[in-house]
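Colleague: just coords:
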């Protein structure tokens, strides 16, 4: 019977956050970086709520903090805010850099998607006109160089990367979490058996495993 009242769509959960915490969550204008650890604050405020679960809030936070407007806010704002809109800690340069990188990668993926969705005839006609004149001289020569530089980038890794000891997998501990090929600074927000929930520097909530965590 309890589940009948719960919201099911993530957009509805976001709408719930907009209404419940209007000084903190904004749809378009006035978006500010969220306080680090804000999930815990939300969990305390909605304790016993029949509308949303902690899992849904975590998913909604992930969507909210990966939005372009939010990432732009992280790069432009000086301070973070709490649930009541009060000014909190300063946004660190490291967080700004990470948000900028996430923004650029997200936009690049979107551009790539749009390019792939273009009609084949359009792309074929352009490649047919340009390839004979330049492909052998410039395109082919530049391609290997680009590939080499792209492959060389992941090799730049500094010093030793040590796995986080099991004894240090604790709430509020600062760690590095492996996302793809990158290591991102984060804070552990919840430990649930084998699953560890962390909050990235951008505010995004991520569920991972203990063996993906490393010493800062």
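Modeller: On my side now, so go ahead. For clarity, every value in this text was computed on a predicted model and none was experimentally measured.
Colleague: counting by contacts, list what the helix or strand hosting residue 64 packs against.
Modeller: Under the criterion of DSSP states H and E, residue 64 resides in helix 54-66. When contacts are defined as 3 or more Cβ pairs under 8 Å, 6 or more residues apart in numbering; DSSP states H and E, helix 54-66 sits against helix 10-20, helix 38-45, strand 205-209. For glycine as for every other residue, the C-beta is placed from the backbone atoms N, C-alpha and C.
Colleague: what about residue 194, distance to residue 42?
Modeller: Computed with Cβ to Cβ, to the nearest Å, the distance linking residue 194 and residue 42 is 24 Å.
Colleague: ok, these two, which is more surrounded?
Modeller: Ranked by neighbour count (other Cβ atoms under 10 Å), residue 194 and residue 42 place residue 42 first, with 22 against 8.
Colleague: ok, that one touching residue 57?
Modeller: Yes - Residue 42 is within contact range of residue 57, at 5.5 Å (criterion: Cβ atoms under 8 Å).
Colleague: what touches both of those two?
Modeller: Residues touching both residue 42 and residue 57 (Cβ atoms under 8 Å, 6 or more residues apart in numbering) are residue 17.
Colleague: so the closest residue in space to residue 21 that isn't next to it in sequence, which of the three states?
Modeller: The shortest distance from residue 21 to any non-neighbouring residue, by Cβ to Cβ, 6 or more residues apart in numbering, is to residue 83 (4.9 Å). Residue 83 falls in the coil class when you classify it by DSSP: H, G, I helix; E, B strand; the rest coil.
Colleague: residue 83: neighbouring residues, count only.
Modeller: Count around residue 83 with other Cβ under 10 Å applied: 18.
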